[in-house]
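Asks: predicted model and sequence below, questions to follow.
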Amino acid sequence: MPNRGLIRGLRWRIALPFVALILITMLGLGLYLSNFTRQNYLNDLNAELSAEARLAAEIFSPMLASGVDPAEIDAMSKSWSQNLGARVTIIAADGVVLGESAEDRLKMDNHANRPEVLQARQEGIGSSTRFSGTLGEMLMYVAVPIYDQGQILGYARMALPLDKVQTYVAHLQRTIIGATILIAAIAMILALWIASQALHPLRELTDTAVQISSGNLENLPIGGYAQSRSSDEIGKLTQAFNVMAIQLSSQIEDLESERSRIAAVLSVMTDGVIIVDADGLVQLLNPAAESMFGISHQQAIGRSLAINLRHHQLIELWQKCNQTGEITYQAVEIPSRNLYLQGVATPLGQALPGSTLLLFQNLTRLRRLETVRQDFISNISHELRTPLASLKALTETLQDGALEDPPAARRFLQRMETEVDALSLMVSELLELSRIESGRVPLKMGSVSPAKLVFQAVERLRLQAERAELSFTVDCPEDLPPVLADETRLEQVLVNLLHNAIKFTPLNGKIEVRGKQDEDKIIFSVQDTGIGIADEDLPRIFERFYKTDRARAGGGTGLGLAISRHLVESHSGQIWAESQEGKGSTFYFTIPLAP
């Protein structure tokens, strides 16, 4: 988890500086002790060699003054070397080696220019630490002059190898390094433990913060929030954090509740809601808006309003509101989606500066109802005008003297009776349609044979079809399963469809009635070879008083198909038509099977 990594990082950041400090201190101390010890050892060695060199100078002074053979001096040098455990070299004043304990003196170079010899000549004692090419190792040399009555007769030089010093110093350094590693490891463990204990409250704070940030308020540590037993800065921070966490938790719960309420309201609203920011990017939309404009939530969020809606009037509505800062209204028609909307753009002000709330009320159904109402008034006015005008003319004719002519008066009265019958039929069908639409017509549902329905309706209109010189064909097997229907009302539907087929089919035409099973329903169809229906009229033929071509529609009220549609739908069925102008029409309707 990220917070665990953060705590581990802090723990190492606290522990590592202490360990680094200890390492630097120990290494510095080790270096200092190594140099200090080495220097002390060298100083002691120098003092020891100096004493031995002065002693040798006193011993060899009489020998050099008396001119003793160099061979004796060389032998004496080797004897002294064995006694002292050091290299002994006796050098003449001119630099010639007179005695050498380690090598053949005759093969040695002149030593007049050796550093220790030069220093001894000038200062009375000289020392030098260097690599000896003769012995192949590091040596410390100390030389002192050999005097006789104030005159320098030569030099006595003592030398010891420094391998013991190097070994001792190396052992000391290894000891210091081992101690350093041990102390660093102990310090590391202690530092990590101390840091872990110190950061324990901070770890709890971090865990609590992560839980709160992820919204898992139920999974907080024991006690609800971070716990601290100390009264130091971390303890005070923990207390302050707990207060903040409690307040934040309460605010989050309130916000979640408020958001749930708003989301519930937006999801069930039938009006489309879109929130757009100052740059015209969609920030929110509800399901109603998605359905209205055919866009999905994932595609719309963060995209331009123009790209999402693709309609200039909608964009102008937002732009006008954005420019004026006032509530803006506009009616918008979208022919491509058959929508008529009332758009309201409202600036959100201080709540969301620069953002705009777009509310779209779908008035399509109201407008369609208004259109239907207007068409209904227009249609019924048209349907009533003709019989009323005819009655008015006949009445005036009778008043003008036709009563005096009995045959003419009888003919006029028969025509008046026909017009009154048409008006009575229209009123009767209107009342029946109103009752059907309002659900006030009780249906006597029962199991009915589809074949029986079809043959009864055909027999009722067979004579009328024969008069119109039309042929009937019936294709409805008698073994079809029964349907759940009101026999009388369903027969009325078939009669209406057959009556229309007879009326709009020319001489020698054909009418075919079929019935077939389709899963859990029966599909009835009435097909004719009549004049057909234009494509633009086909969606409206089931409306009240709608006639496709009034010039050739003939008689009738224009209510038969509307009544048929309501009767079929009251049986939980569907009705529709297929037609090609000049080639006939086919009307279909479905009725569920009886259980």
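Replies: Structure received.

Asks: rest of the way, CA atoms for contacts and neighbours
Replies: OK.

Asks: tell me, how many residues neighbour Ile252?
Replies: Counted with other CA atoms under 10 Å, residues neighbouring Ile252 total 15.

Asks: how is it assigned, secondary-structure-wise?
Replies: helix (DSSP: H, G, I helix; E, B strand; the rest coil).

Asks: now the one 4 residues further on
Replies: Of the three states, Glu256 takes helix according to three-state DSSP.

Asks: tell me the spacing between it and Ser250.
Replies: 10 Å (CA to CA, to the nearest Å).

Asks: same question, Leu567
Replies: Leu567 is 58 Å from Ser250, by CA to CA.

Asks: which one of the two has more residues nearby?
Replies: Leu567 (24 against 12).

Asks: what's the end-to-end length of stretch 93-105?
Replies: Terminal-residue distance, stretch 93-105 (CA to CA): 15 Å.

Asks: and that stretch, what's buried?
Replies: Neighbour-count burial for stretch 93-105, with 16 or more other CA atoms under 10 Å as criterion, is recorded at Ala93, Gly95, Val96, Val97, Leu98, Gly99, Glu100, Ser101, Arg105.

Asks: farthest pair in those?
Replies: Ala93 and Ser101 (18.6 Å; CA to CA).

Asks: spell out the residue ranges of the helices in the stretch 151-300 of the chain.
Replies: Remark: helices assigned in the stretch 151-300 of the chain by DSSP state H, counting those that start in this stretch are 163-213, 233-268, 287-293, 297-300.

Asks: let me have those in CSV, adding mean pLDDT as columns.
Replies: Formatted as CSV, the helices of the stretch 151-300 of the chain follow (pLDDT from 0 to 100):
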stretch, mean pLDDT
helix 163-213, 74
helix 233-268, 76
helix 287-293, 84
helix 297-300, 82
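
Asks: show me the shaky parts of the stretch 401-550 of the chain.
Replies: Along the stretch 401-550 of the chain, segments meeting pLDDT under 70 span 421-422, 425-426, 428-442, 544-550.

Asks: tell me how many other residues crowd Leu538.
Replies: 16.

Asks: so how many other residues sit close to Phe270?
Replies: To be clear, residue 270 is Thr; Phe isn't right here. Neighbours of Thr270 (other CA under 10 Å): 17.

Asks: Gln283 versus that one, what's the distance?
Replies: Applying CA to CA to Thr270 and Gln283 gives a distance of 19 Å.

Asks: how about Leu413?
Replies: Relative to Gln283, and taking CA to CA, Leu413 is found at 74 Å.

Asks: isn't Met416 up against Leu394?
Replies: Yes. Between Met416 and Leu394 a contact is recorded at 7.0 Å, counting by CA atoms under 8 Å.

Asks: and the nearest residue to Asn113 once chain neighbours are set aside, which of the three is it?
Replies: Nearest-residue entry for Asn113: Gly95, 7.6 Å, with adjacent residues in sequence omitted and distances by CA to CA, 6 or more residues apart in numbering. Following three-state DSSP, the label given to Gly95 is coil.

Asks: in the stretch 451-595 of the chain, which spans are strands?
Replies: 471-475, 483-485, 510-518, 521-528, 575-579, 585-592 (DSSP state E, counting those that start in this stretch).

Asks: which helix of the protein spans the most residues?
Replies: helix 2-65 (DSSP state H).

Asks: so which elements touch it?
Replies: strand 137-148, strand 151-161, helix 163-213 (3 or more CA pairs under 8 Å, 6 or more residues apart in numbering; DSSP states H and E).

Asks: Ala594: which of those is closest?
Replies: Taking those one by one with CA to CA, helix 163-213 is closest: 59.8 Å.

Asks: and the residue nearest the centre of the chain, how close does it get to Asp94?
Replies: Compute the mean C-alpha point of the chain, and by CA atoms, centre = their mean the closest residue is Gln298, 10.3 Å away. For Gln298, the distance to Asp94 equals 106 Å [CA to CA].

Asks: can you check Arg565 too?
Replies: Arg565 is 146 Å from Asp94, by CA to CA.

Asks: equivalent analysis for Pro17, please.
Replies: On the measure of CA to CA, Pro17 and Asp94 end up 63 Å apart.
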